[in-house]
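let me see the structure of the following:
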Amino acid sequence: MTSSRRTSRPTLSDIARALDLSEATVSRALRGSPIISEQTRTDVARVARELGYVPNAAARSLARQASHTLGLLVPDVTDPVHGMIVAGFGQAAAAAGYTVLMLDGVREDRRRASALRTLREHQAQGVAFCSAPVSPEEAAEALRPAHAVFVLPEWTGADAEDRPLGRIRADDAVGIHLLVEHLLATGRQRFSYVNGPDIASNRLRRGSILRALEAQHVEPRIREFSASLDRAEIDAVARLAARERPDVLMCYDDKLALHLLDALRNVGLRVPQDVAVTGFDGIPFAAVANPRLTTIEQPAEQMGARAAEALIAAIESGAPPQDQLLPVRLAVRESSLSGRAGNG
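This is a model prediction of the structure:
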């Protein structure tokens, strides 16, 4: 009976959903923060009373003694997607009065372990892992009692687990479906996928292509190429494409697609007249490539902001962060227009 009552006790999430606000905004409104409008504070107080919300006294006590520091672990801050996540995270944290300790280059286990020690030494109250292969269990063991969220998580099984784990992701599957529908509408049928690294997001995007083709009643015969950003591997993919002549080269991400555009020119293939090329992520360079790159735009800066807000709400309420799936947008540009129709 006791556990049942705890499960059903109203939370910040319930108030946030009722008012269509973020949990961080609700938390600050309940504390009377002057950065929240008087009307919002009144609405939050009213809904809290109606729901019977009772603040977590233990969490409030800890918050008063807190460092007001958030950690952000990033594999490569020079990566355009990671850079946008960092910007959104920092802005949201600063708006709430939190300091950010960002640690870059944490792909390797040794450097990641060192970064986690640094965060513990600085008593970070919450940590966001960006594109990291760290599972929730590993994070909890390394950071307890700090909270953790995972932006674009890459641990094994991150794309399959159905329990709430504080994941903040873009809806890759919907994005792939939008891309496939667009490409089929241009009359293309022979699909190839240029793999990225063997991580959760690559597996999710590849699987989504297969499912999207099946949903459109197209036999999902996909020729797969594998490439890193190594020039020799990119050139090898271009030579294979020149021999096999697929209609489409769907690339794991924009960086891979942008490198491939140049390599395809060198083997005499025209984009989009001979082959369409698409990316994924929506980095700024995609819009100024030659030809401009069709891609799926992820709300990277918004994901960063959501990560900071989720950590702050968890710190101030004591409730664990929930999963968030953000919408994506199809950006159709010259690299996938129908060459047959003369639009290339």
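
from here on, just use CA atoms for contacts and neighbour counts.
OK.

any buried residues in stretch 303-315, and which?
303-315 (16 or more other C-alpha atoms under 10 Å).

hang on, residue 84 packs against residue 301?
Yes: between residue 84 and residue 301 a contact is recorded at 4.7 Å, counting by C-alpha atoms under 8 Å.

can you pull out the strands in the chain?
69-74, 99-104, 126-130, 147-151, 167-170, 191-195, 223-226, 248-251, 276-278, 295-297, 324-326, 329-331 (DSSP state E).

of all these, which lies closest to residue 210?
Proximity to residue 210 (C-alpha to C-alpha) singles out strand 191-195 among these, at 10.0 Å.

with just CA atoms, put stretch 115-131 into PDB.
C-alpha atoms of stretch 115-131 as PDB (Å, rounded to 0.1, in the frame of the first residue of the first chain):
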ATOM      1  CA  ALA A 115      35.900  13.600 -16.400                       C
ATOM      2  CA  LEU A 116      33.500  11.800 -14.000                       C
ATOM      3  CA  ARG A 117      36.100  12.200 -11.200                       C
ATOM      4  CA  THR A 118      36.300  15.900 -12.000                       C
ATOM      5  CA  LEU A 119      32.500  16.300 -11.800                       C
ATOM      6  CA  ARG A 120      32.400  14.500  -8.500                       C
ATOM      7  CA  GLU A 121      35.100  16.800  -7.100                       C
ATOM      8  CA  HIS A 122      33.100  19.800  -8.200                       C
ATOM      9  CA  GLN A 123      29.900  18.300  -6.700                       C
ATOM     10  CA  ALA A 124      27.900  18.600  -9.900                       C
ATOM     11  CA  GLN A 125      24.300  18.000  -9.100                       C
ATOM     12  CA  GLY A 126      23.300  16.800 -12.500                       C
ATOM     13  CA  VAL A 127      25.200  15.500 -15.600                       C
ATOM     14  CA  ALA A 128      24.200  15.400 -19.200                       C
ATOM     15  CA  PHE A 129      26.000  12.700 -21.400                       C
ATOM     16  CA  CYS A 130      26.000  13.800 -25.000                       C
ATOM     17  CA  SER A 131      26.300  11.000 -27.600                       C
END
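
which other residues reach that stretch?
Stretch 115-131 has contacts (C-alpha atoms under 8 Å, 6 or more residues apart in numbering) with 66-75, 82, 101, 103, 106, 142-143, 145-154, 307-308, 311-312, 315.

what subset of the residues you listed is buried?
By 16+ other C-alpha under 10 Å, the contacts of stretch 115-131 give 68-75, 82, 101, 103, 106, 143, 146-154, 307-308, 311-312, 315 as buried.

in the sheet, which residues pair with residue 169? Tell me.
residue 325 (DSSP bridges).

dump the residue contacts of it.
151, 152, 153, 303, 324, 325, 326.

you'd agree residue 173 is up against residue 203?
No: counting by C-alpha under 8 Å, residue 203 is not a contact partner of residue 173; they are 10.9 Å apart.

okay, now the unreliable bits of the chain?
Applying pLDDT under 70 to the chain picks out residues 1-8, 34, 55-66, 106, 156-162, 220-222, 227, 339-344.

at 80 what do you get?
Residue ranges of the chain with pLDDT under 80: 1-9, 31-35, 54-67, 105-110, 133, 141-142, 144-146, 155-164, 219-229, 339-344.

mind giving me the domain split of it?
69-169+300-326, 172-299 (the TED database).

endpoints of the first one, how far apart?
So the one you mean is domain 69-169+300-326. 25 Å (C-alpha to C-alpha, to the nearest Å).

kindly report the same for the last one.
The first and final residues of domain 172-299 sit 11 Å from each other (C-alpha to C-alpha).

quick one on the thing from earlier: would JSON lines of the domains of the chain with distance to residue 10 be doable?
Listed next are those as JSON lines, based on distance: least, C-alpha to C-alpha, whole Å:
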{"stretch": "domain 69-169+300-326", "distance to residue 10": "11"}
{"stretch": "domain 172-299", "distance to residue 10": "30"}
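
right, and those - which one's nearest residue 54?
Among those, domain 69-169+300-326 sits nearest to residue 54 (C-alpha to C-alpha), with 10.1 Å.

export the strands of the chain to TSV and append columns for distance to residue 268.
Output for these, formatted as TSV (distance: least, C-alpha to C-alpha, whole Å):
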stretch	distance to residue 268
strand 69-74	38
strand 99-104	39
strand 126-130	38
strand 147-151	39
strand 167-170	35
strand 191-195	18
strand 223-226	19
strand 248-251	15
strand 276-278	14
strand 295-297	23
strand 324-326	39
strand 329-331	26
